[in-house]
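Enquirer: Here is my input; please provide its structure:
(2 chains)
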Protein chains: 2
Amino acid sequence: MRNIRLTIEYDGTKYNGWQRLGNTENTIQHKLENVLSLMSGENIEVIGSGRTDAGVHALGQVANFHTRSPMTTREILDYCNHYLPQDIVVKKAAEVEERFHARYNAVSKKYMYRIWNSHIPTAFYRKYSYHVPEPLSIEKMRKGTAYLVGKHDFQAFSSVKSKKKSTEREIYSIEILKERERIDILFHGNGFLHNMVRIMTGTLLEIGLGKRKAEEIPLILEGKIREKAGVTAPAQGLFLYEVYY
Amino acid sequence: MRNIRLTIEYDGTKYNGWQRLGNTENTIQHKLENVLSLMSGENIEVIGSGRTDAGVHALGQVANFHTRSPMTTREILDYCNHYLPQDIVVKKAAEVEERFHARYNAVSKKYMYRIWNSHIPTAFYRKYSYHVPEPLSIEKMRKGTAYLVGKHDFQAFSSVKSKKKSTEREIYSIEILKERERIDILFHGNGFLHNMVRIMTGTLLEIGLGKRKAEEIPLILEGKIREKAGVTAPAQGLFLYEVYY
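Expert: Predicted coordinates for the structure are as follows:
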């Protein structure tokens, strides 16, 4: 069996996320599986690097699937982009060794959270950013990121109350880039709990608005209580940016 | 009467253009007039700098309207952005002298045509660019622009067969900016005939693809026959960029 690795970009606006339990119809994984099964005549199962929630976008989601199809990777890429909905794009298709697994082999991930920081909203980025009309202090937000980087128990920054699994994760870096009205926060880490990026962003935004202090973060981490952290920033600002192997 | 000048950004995807004869319901002008009339209790007429076609976007459309409303320009701007659909944004509102007329006083305009030049399509710019998968020679296209700049009869680059009105226009500059897959062509001129930017773009694209030569442009201009010029590039790549007064 051949093993094909795909790099995928999608506008998540219309979808119930990458994968969904129960009614899976309106998911990105399902759309891909449909097209690839039609292409190969096989019952293709696509393995993603991880889920993205409803409304979340991706610039570099990675997935793999096994097939007996003799098509070249270029033909597979072209077939996908011809038959997939226009809001899902396969950017790369490459043949990889049989044991490559998009989820198990992922060693780290980078997410981007995009903020539109202006009194004036945006017609073009309205579905691809979170509009924050009040002035934000990037300096204060950067102070906050310094407390988040490193190995911590991120229980307080997760929406799932898992008692069995470890909630320890390591964040390698958090970069804040500002270009006019646009603020991009890039989070690179070895893994992220459910809603973790959106809750970290919500907390950093409250710091940037002066509603709370960067120095509170160590206490929030220690306390491990979700309610002590900031709000969950909305899905439409979040992008799965890159998956590292 | 006060005279208020608005700078407007819109995602034209869903609309039948700025203005439309007949059924005007689904136009940007109509949406604005509705909100402003509701705001002021008057029957507001909005004067745009000019029309944009169905599906064409704007980053800096300019319009003005007369009102007796005592609201500040900041209040007007906020009211508009609160009640307008999210794909129409008022970026500026300013009080101007009574005789200012957004159409008559416009001295020049800048349009941008955005191309996505990559074998791989784009999930995010799909509604805001024209996807050209084949390689384009920017150098050849720039050669083409040199023949279009200046004062010419642009009859061949217009979809309207007007015999009365002058079809002479002056183009001050055409800039081609390339950033990775994205190519933006910026056209600055004292006025543009109907579909003129899209036909110039279609012609430049045929030159960039090697389907025709830059040197043909003077002959096309001289011939004044629409069919001799290139195809009309699709609406979704076109943006009214700025209006100068």
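Enquirer: Quick check: which ranges of chain A have low pLDDT?
Expert: Where chain A drops to pLDDT under 70, the residues are A:161-163.
Enquirer: what's the neighbour count on the closest residue in space to residue A:194 that isn't next to it in sequence?
Expert: Among residues not flanking residue A:194 along the chain, residue A:160 sits closest, at 4.6 Å (CB to CB, 6 or more residues apart in numbering or on different chains). For the C-beta atoms, the positions are set from N, CA and C on the backbone; glycine is no exception. Look at residue A:160: counted by other CB atoms under 10 Å in any protein chain shown, it has 12 neighbours.
Enquirer: Pretty sure residue A:160 sits in a strand.
Expert: No: under DSSP: H, G, I helix; E, B strand; the rest coil, residue A:160 falls outside any strand and is assigned coil.
Enquirer: Please report how far it lies from residue A:168.
Expert: 14 Å (CB to CB, to the nearest Å).
Enquirer: If residue A:66 is in a bridge, with which residues?
Expert: Here residue A:66 sits in beta bridges with residue A:3, going by DSSP bridges.
Enquirer: does it really touch residue A:5, like I thought?
Expert: No: with contact defined as CB atoms under 8 Å, residue A:66 does not count as touching residue A:5 (11.0 Å).
Enquirer: contacting residues around the nearest residue to residue A:224 once chain neighbours are set aside?
Expert: Excluding its sequence neighbours, the residue lying closest to residue A:224 (CB to CB, 6+ apart) is residue A:155, at 4.0 Å. By CB atoms under 8 Å, 6 or more residues apart in numbering or on different chains, the contact set of residue A:155 is A:167, A:193, A:224, A:226.
Enquirer: Tell me the one of those nearest residue A:180?
Expert: Among these, residue A:193 lies closest to residue A:180 (CB to CB), at 32.1 Å.
Enquirer: Quick check: nearest residue in space to the closest one, chain neighbours excluded?
Expert: Distances taken as CB to CB, 6+ apart put residue A:158 closest to residue A:193, at 3.6 Å, once the chain neighbours are dropped.
Enquirer: Could you double-check that that neighbour sits in contact with residue A:198?
Expert: No: taking contacts as CB under 8 Å, residue A:158 lies outside contact range of residue A:198: 10.3 Å.
Enquirer: Which of the two has more residues huddled nearby?
Expert: Neighbour totals were compared for residue A:158 and residue A:198, and residue A:198 leads with 25 against 20 (other CB under 10 Å).
Enquirer: shouldn't the more buried one be in contact with residue A:113?
Expert: Yes: in this structure residue A:198 lies within contact range of residue A:113 using CB under 8 Å: 7.3 Å.
Enquirer: Just give me the residues shared between the contact sets of these two.
Expert: Each of A:233, A:238 lies in contact with both residue A:198 and residue A:113 under the rule CB under 8 Å, 6+ apart.
Enquirer: of residue A:66 and residue A:5, who's got more company?
Expert: Ranked by neighbour count (other CB under 10 Å), residue A:66 and residue A:5 place residue A:5 first, with 20 against 16.
Enquirer: Confirm that the more buried one sits in a strand.
Expert: Yes: according to three-state DSSP, the state of residue A:5 is that of a strand.
Enquirer: Let me see the contact set for it.
Expert: Taking CB under 8 Å, 6+ apart, one finds A:62-64, A:92-96, A:100, A:102 in contact with residue A:5.
Enquirer: Hmm, the residue nearest to residue A:194 is touching residue A:196, no?
Expert: No: under the criterion of CB under 8 Å, residue A:160 is not in contact with residue A:196, lying 9.6 Å apart.
Enquirer: So residue A:172: helix, strand or coil?
Expert: Assigned with three-state DSSP, residue A:172 falls in the strand class.
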